[in-house]
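Engineer: Output the structure for:
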Amino acid sequence: MHGRDTTGADPRARRVSAPSWRDPRLLVGLLLVLVSVVVGATVVGRARDTTGVWALTRPVGAGRSITTEDLRVVQVHLDPATLAGYVPAGTDPSRGAVALRGLAAGELLPVGALGRVGDLTSRPVTVPVEGNVPQGVAVGALVDVWVVPAAPVAGQEAVPAPERLVEAAEVSAVDDGGGALSSRGGADVQVVVPQGALPAVLRAVSDDDDLVLVPVPGGGA
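Structural biologist: Numbers count the residues shown, from 1 in each chain. Down below sits the predicted model:
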């Protein structure tokens, strides 16, 4: 006759023991926890790793010089390939550099947007505007430049119809009076004109024809 357990406990329970430090399952679990902690700390550390680059404090038109007042340092977290496209804060881009295109306020300063005057394929021309500057005409905006002849051309009885001289010219500066650009009443707007269109625009300015700037829809600064 077999002996009987008088304690009333299930005999199978006595075979279950506390896990040992040598238990492979316990070691694997601890390793996974350790790896997750290290990976998490690395990700958080990299997220806090930022680099200083230059950003624009105000709009700068194409052909305009970059000054220290135009720039401020911002900290960004970008991958190396993207970061290489912007000017690092450790350099001074204001020494002789001009904007090759319009730059908006708050925009990070792209390396490809800086150059020398000789790199420009167009030239800024001051266009006199009668009265107030039209709404939508601001630094960085795109405008069509139209000429309205003031008088009939020699040998013609009627005044020629208005003609568009430049399409989608970028505004690089606006002076509504009293500034260095302005030498007359009304306002002066500086637009970037392709070299091929320069003769027609300069002729219209010298002939005292009315030049009208028409904002391009969707081309605002």
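
Engineer: nearest spatial neighbour of Glu163, skipping sequence neighbours?
Structural biologist: Val147 (5.4 Å; Cβ to Cβ, 6 or more residues apart in numbering). All C-beta atoms are positioned from the backbone trio N, CA, C, and that covers glycine.

Engineer: Tell me the gap between the longest strand belonging to the chain and the middle of its chain.
Structural biologist: As assigned by DSSP state E, the longest strand anywhere in the chain is strand 163-175. Mean C-alpha position of strand 163-175 versus that of the full chain (Cα atoms, centre = their mean, to the nearest Å) differs by 21 Å.

Engineer: same check, this time on stretch 101-111
Structural biologist: Relative to its parent chain, stretch 101-111 has a centroid offset of 4 Å by Cα atoms, centre = their mean.

Engineer: Pairing partners for the helix or strand just after the longest strand of the chain, with directions?
Structural biologist: Sequence order places strand 187-194 as the next helix or strand after strand 163-175, per DSSP states H and E. Sheet partners assigned to strand 187-194 using DSSP bridges are listed as strand 122-129 (antiparallel), strand 163-175 (antiparallel).

Engineer: Tell me which of these sits nearest to Ala84.
Structural biologist: strand 163-175 (26.2 Å; Cβ to Cβ).

Engineer: Please save the CA atoms from the longest strand of the chain in PDB.
Structural biologist: Listed next in PDB are the C-alpha coordinates belonging to strand 163-175 (Å, rounded to 0.1, in the frame of the first residue of the first chain):
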ATOM      1  CA  GLU A 163       2.300  95.100 -74.400                       C
ATOM      2  CA  ARG A 164       3.700  92.600 -71.900                       C
ATOM      3  CA  LEU A 165       7.400  93.100 -71.800                       C
ATOM      4  CA  VAL A 166       8.300  90.500 -69.100                       C
ATOM      5  CA  GLU A 167       6.400  87.500 -67.800                       C
ATOM      6  CA  ALA A 168       6.600  86.300 -64.200                       C
ATOM      7  CA  ALA A 169       9.400  88.700 -63.100                       C
ATOM      8  CA  GLU A 170      10.400  88.400 -59.500                       C
ATOM      9  CA  VAL A 171      10.100  91.400 -57.200                       C
ATOM     10  CA  SER A 172      13.400  92.000 -55.400                       C
ATOM     11  CA  ALA A 173      12.700  95.300 -53.600                       C
ATOM     12  CA  VAL A 174       9.800  97.700 -53.000                       C
ATOM     13  CA  ASP A 175      10.200 101.300 -52.000                       C
END
